[in-house]
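Asks: Give me the fold of what follows.
(chains A and B)
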Amino acid sequence: MAEAMLEAEGLRAGYGPAEILFGVSLRLARGEVAALMGRNGAGKSTTLKAIMGLITPRAGRVRFAGRDIAGLAAFRIARLGLGYVPEDRRIFTDLTVAENLEVGRRPAEGRDAWTPERLFEVFPNLASMRHRHAAAMSGGEQQMLAIARTLMGNPAAVLLDEPSEGLAPVILELMADAVLRMKREGIAVLLSEQNFDFAAAVADRAYVIEKGEIRYDGSMAALEADPALRAQHLSL
Amino acid sequence: MSVEFGFLLVQCLSGLASASSLFIIASGLTLVFGVTRIVNFAHGSFYMLGAYMAVTIVPWLLQIERSPTLFFAGVLISACVVGVLGVLMEILLLRRIYKVPELFQLLATFGVVLMVQDAVLHIWGPLDIAGPRAPGLRHGVMILDQRFPAYDLFLIAAGPVVLGLLWLLMHKTRFGILLRAATRDRDMVGALGVNQALLFTGTLFLGAFLAGLGGALQIPRVSASAQMDLSIITEAFVVTVIGGMGSIGGAFLAALLIGQLQAFGVLIFPKITLVLVFLLMALVLVVKPWGLLGRPENAAGLSALPEGIMQPRGFAAAEKLLVLLAVLAAAAVPIFGDTYAIKVATEVLIFALAAFSLNFLVGNGGIVSFGHAAYFGLGAYASGLLVTKLGMPMEPALIAAPLVGGLFAALFGFFIVRLQGIYLAMLTLAFAQIAYAVCFQWVEVTGGDNGIVGVWPSAWAASHSTYHYIVLVAAGLGIFALRHVIYAPFGASLRAARDSAPRAEAIGIDVRAHRWLGFTIAGAAAGLAGGLYAFSKGSIDPTLLGIPLSVDFLAMILLGGMQTVMGPVLGAAAFHSIKDVFMPLTDHWRFLLGASIIALVLIFPRGLGGAYAALRARLSGGAP
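Replies: Reported below is the predicted structural model:
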């Protein structure tokens, strides 16, 4: 297996008295796309938030680009090159598209920096609404903006929380293209997903999380090829 | 005709000049709130410090050369010094309290207000200091045969210039864009790699700079004095609330409105300009609960867990004994104590009732009142005025106290309970300031600043001991009754509404009506405490309705622990005894009090009652 870019081991986390994660372990190789799948409340978003430092892990290790990052503040983790796109997008609705991108901008280290122009190639829908306030955008457009905003930080890896949620099929295709484009650019992506078809279209590797623990860890192709395995882990 | 028009024009212009000054100050307050979500009481202190800095620095510079350049250089230097003080406050205090409930934040920043007041008195002395006039702007300009100060014309221009510069900063610089983003969602800004700490420090510099600038620009018009802070902070609060908290454009609009209201209000109702301003605020909030250009609070601005009484439990056997002992001890004070001890004990009982009634609102109802002293003071004035002006005896006057307290609580509460969170707290403050302003300005009836003396009990109750027993019975019954309400279904409904108003509505609780009734009950209890206090002091004065007393009450419930039912009684006893013992010992009691409040918020956020509950849990072997 390729060198791990991001690695979580025995990660435990929760909110207040509620425990959500009971020792989650996963790896993301350089340039790989991995999908973290599971039902509502299984701990997908919590895993991503705990890796990102938005909630403090109670136990376990998180390594990113050769450094221990568990317990660091979110902004420090982001500066190490880990991007995060939240589930509810959290676009700055008072700001224009261009200003939203500006908030995400960070210097690139040793690679071609993302610019608004390059991002508008990836997300052509955004190009025409540069100066529009983000409040006046559709859900799909906001999702694209959220990804573009994170890419402005020139991350080496991106955590993508439920990118397909609530999107129309035609937008879904654009979103899948965007993930594959990120992969081509050498960016590793860990996405949480409930939409199996979407995940299967983009991911190399699959994790299934249930009640705060990883229940399946293997290649996406294997999961896709074996309906019994899929039914065991992902039937609703 | 033209004279009249000229007069009106000049009146309008002077309204614009005040609006400009007010906007410069309020823009800093609203900016700091927008980003940090902290309502900074100390903003008024920054304004005052700006004025003091300027009356120190500017004359020194003018000695070199009396030029406008040096005057305004001095003003800017003063504002920068104040900005640096704002940075200090962010690093030393605010950084530690971003995640605590807003009540604690308000109290902590009020602690800073008290400390700055004493520091200013220590450094600059108690006398007002007049500043120099601005060279080149000392003359008057004739406008339609009316003389108008040239400096005020300059101020009229300064407001829009500051607005324009702020707009450029917020839209054309990376720092400004980050600030605007953080105003909506500061955690997301952090997840994108922005160091929030630096952003917040920068915000405090800018906010304090603007307050300092506002203060420094005032020196040709008003002398620097140690009372500037609280008078400006309420006005600045009103401007930010009317404009919508966090909205700079809203603050500009609101300042314009208030400037004109004051300029023309003074012609029509010379005595009640303050009242007009607060009435405008109440009116705006009823129509637009988030101000003119404000937006509903997003969930990110709210603290995660409700603070307050969770599950009230009855007294255990040992605790019943403790309560009995406490009542016996209070009853024994006149037998064993001297006059001074009786006086302190009587006041402790009165404040215990007031603090209990406040925690009934805050801890049990989640209604953070920043003006609870209003109902205390109105009860005191009701009793005092009935006795001295109408010659009534004590007994009916004491009965009137809770009625008047409750009546005004019902009147003000009708508007207050429509709002939520910080807007609600600001409206309680505004109504309290209206009541204060009326008592302060209606000299013929209330005696104004001096108040009224000769509020004595009836002959049979005149001795300190007898009056102590009257207070013991009245305050004891009041606390007992309120406690009963907390345990009653009504109290549980209030807690349900506190924890989630929509869910409480969904199970059929009329949240607004419950809150209104709760507010009225608490006001009546505070009114009773005020009436009792008037007769124990023998006098009434406007400080009984003032912000400092409201803060004292809040400090009592904080010290006692607002998560506990009986904590406020403990807190009142501890707070009042400590204040009474230490105040005479030092010239710097405000500084000490402020530092204590801050220490309390930082290291002891669950209060004495919370410490007791933790101890009890540990002794019984359960988890704390």
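
Asks: and stretch B:135-145, what's its mean pLDDT?
Replies: Mean pLDDT, stretch B:135-145: 83.

Asks: Can you point out the buried residues in it?
Replies: Buried positions in stretch B:135-145, judged by neighbour count with 16 or more other C-beta atoms under 10 Å in any protein chain shown: residue B:137. Every residue, glycine included, has its C-beta placed from N, CA and C.

Asks: Residues touching it, excluding its own?
Replies: Applying C-beta atoms under 8 Å, 6 or more residues apart in numbering or on different chains, the external contacts of stretch B:135-145 come out as B:2-3, B:5-6, B:9-10, B:13, B:62, B:66-68, B:70-71, B:147-151, B:153-154, B:220.

Asks: how far does it stretch from start to finish?
Replies: Stretch B:135-145 has an end-to-end distance of 24 Å (C-alpha to C-alpha, to the nearest Å).

Asks: quick one: low-confidence ranges for the chain?
Replies: Unless you meant another one, I'm taking chain A. Residue ranges of chain A with pLDDT under 70: A:1-3, A:110, A:235-236.

Asks: not what I meant, chain B
Replies: Residues of chain B that meet the cut-off, pLDDT under 70, sit at B:1-3, B:271, B:297-307, B:604-610, B:620-624.

Asks: ok, 80 please
Replies: Counting by pLDDT under 80, the ranges of chain B that qualify are B:1-3, B:99-102, B:145, B:268-275, B:278, B:295-314, B:421, B:581-583, B:586, B:603-624.

Asks: what's the nearest residue to the residue of chain A found nearest chain B if we skip its chain neighbours?
Replies: The minimum distance from chain A to chain B, using C-beta to the nearest C-beta, falls at residue A:78 (3.5 Å). Nearest residue to residue A:78, sequence neighbours excluded (C-beta to C-beta, 6 or more residues apart in numbering or on different chains): residue B:193, at 3.5 Å.

Asks: about what we covered before: could you name the helices and strands sitting against the helix or strand where the residue of chain A closest to chain B lies?
Replies: Assigned by DSSP states H and E, residue A:78 belongs to helix A:74-79. Under the contact definition 3 or more C-beta pairs under 8 Å, 6 or more residues apart in numbering or on different chains; DSSP states H and E, helix A:74-79 sits against helix A:44-52, helix B:186-191.

Asks: Which strands or helices does the very next helix or strand once past that helix pack on?
Replies: Later in the chain than helix A:74-79, the nearest helix or strand by DSSP H and E is strand A:82-85. When contacts are defined as 3+ C-beta pairs under 8 Å, 6+ apart, strand A:82-85 sits against helix A:44-52, helix A:139-151, strand A:157-161.

Asks: Figure out which of those is closest to residue B:600.
Replies: Nearest of the helices and strands packed on strand A:82-85 to residue B:600, taken as C-beta to C-beta: helix A:44-52 at 32.7 Å.

Asks: residues in contact with that closest one?
Replies: By C-beta under 8 Å, 6+ apart, the list of residues contacting helix A:44-52 reads A:6, A:8, A:11, A:13-15, A:20-21, A:24, A:26, A:36-38, A:55-57, A:62, A:64, A:69, A:74, A:77-78, A:82, A:84, A:87, A:159, A:161-162, A:190, A:192-193, A:209, A:212, B:191.

Asks: cool, and stretch B:429-447?
Replies: Stretch B:429-447 is contacted by residues B:234, B:237-238, B:241, B:271-272, B:274-275, B:278-279, B:281-282, B:370-374, B:377-378, B:381, B:385, B:389, B:408, B:412, B:415-416, B:448-449, B:452, B:541-542, B:545-547, B:550 when judged by C-beta under 8 Å, 6+ apart.

Asks: Thanks a lot, see you next time.
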